[in-house]
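# Predicted structure and sequence below. I'll ask about it afterward.
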Amino acid sequence: MIFSYNKAHVGDVLMVIVADDQGQENHVERKGSTAKVTVEDGTIVAWNIFDVSEILGDIAGQGQVELSQEQLDRLNEAIAKDGFSETLVLDHEPKIVIGFVKSCKKHPDSDHLSITQTEVDNGTVLQIVCGAPNIKAGQKVVVAKPGAMMPDGMMIWPGKLRGVESLGMICSAKELNVPNAPEKKGILELPFDAIVGAPFSAE
């Protein structure tokens, strides 16, 4: 679950992104200051909370923001007051983390894509298709897991590239908004002592 807020460009609206709508038509049900966004089968993909500063006060940051449990409790109270039965639950799992490329092989249907098996934390391995020319086994890299929001606002969801399942993205320095990121295409390679599973920060 991703919380996004940009008062200057969107207004006083907290956007809560729950799932990938996969390009399906969205249906919006609004009650009071709360809008529930679903797709055809009823799956909730997002919530929009209008005039959110009246509920939470000033929200620090722009783009993806972190909420405390107390703030989430206030949001859930407001959602219930507007007549919805659902509740929001915090997901504390970091989504942009250090990973280790355990294996890397050429995509059978592409001359530039590679299929990696990349460990992200606690032994969890994700299959990630990567188009970077410098990707290879044995690297420590930065992985945006499904449900991550990139600095430019792009969301990362499971998908397929040339028919092969990909569960995340191995990131370049530019995609991570790293200061003085090189223009040359390629993923960001980290020192080998970087800790797999640790959250990554560009700062």
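Received, thanks. Numbers count the residues shown, from 1 in each chain.

# Got the domain ranges for this protein?
If you go by automatic domain parsing, the domain ranges for the chain are 2-81, 93-203.

# For the longest strand along the chain, buried residues please.
Ordering each strand of the chain by length in residues (DSSP state E) puts strand 96-106 first. When burial is assessed from 16 or more other CB atoms under 10 Å, strand 96-106 yields the following buried residues: Ile96, Val97, Ile98, Gly99, Phe100, Val101, Cys104. No exception for glycine: its C-beta is placed from N, CA and C like everyone else's.

# repeat for stretch 48-62
Judged by neighbour count using 16+ other CB under 10 Å, the buried positions of stretch 48-62 are Asn48, Ile49, Val52, Ile55, Leu56, Ile59.

# Check Gly63 and give its pLDDT.
pLDDT for Gly63: 80.

# Mind listing the residues bridging to it?
Tyr5 (DSSP bridges).

# quick revisit: which residues are contacting the longest strand of the chain?
Outside strand 96-106, the residues within contact range by CB atoms under 8 Å, 6 or more residues apart in numbering are 113-121, 125-126, 130, 135-145, 148, 170-171, 176, 190, 194-200.

# Give me the subset of those lying in helices.
Using DSSP state H, no member of the contacts of strand 96-106 sits in helices.

# So which helix or strand of the chain has the lowest pLDDT on average?
Ranked by mean pLDDT, DSSP states H and E, the weakest helix or strand in the chain is strand 63-64, scoring a mean of 82.

# helices or strands next to the following helix or strand past that one in the packing?
Counting by DSSP states H and E, the element after strand 63-64 in chain order, helix or strand, is helix 69-81. Contacts defined by 3 or more CB pairs under 8 Å, 6 or more residues apart in numbering; DSSP states H and E place helix 69-81 against strand 44-50, helix 53-56.
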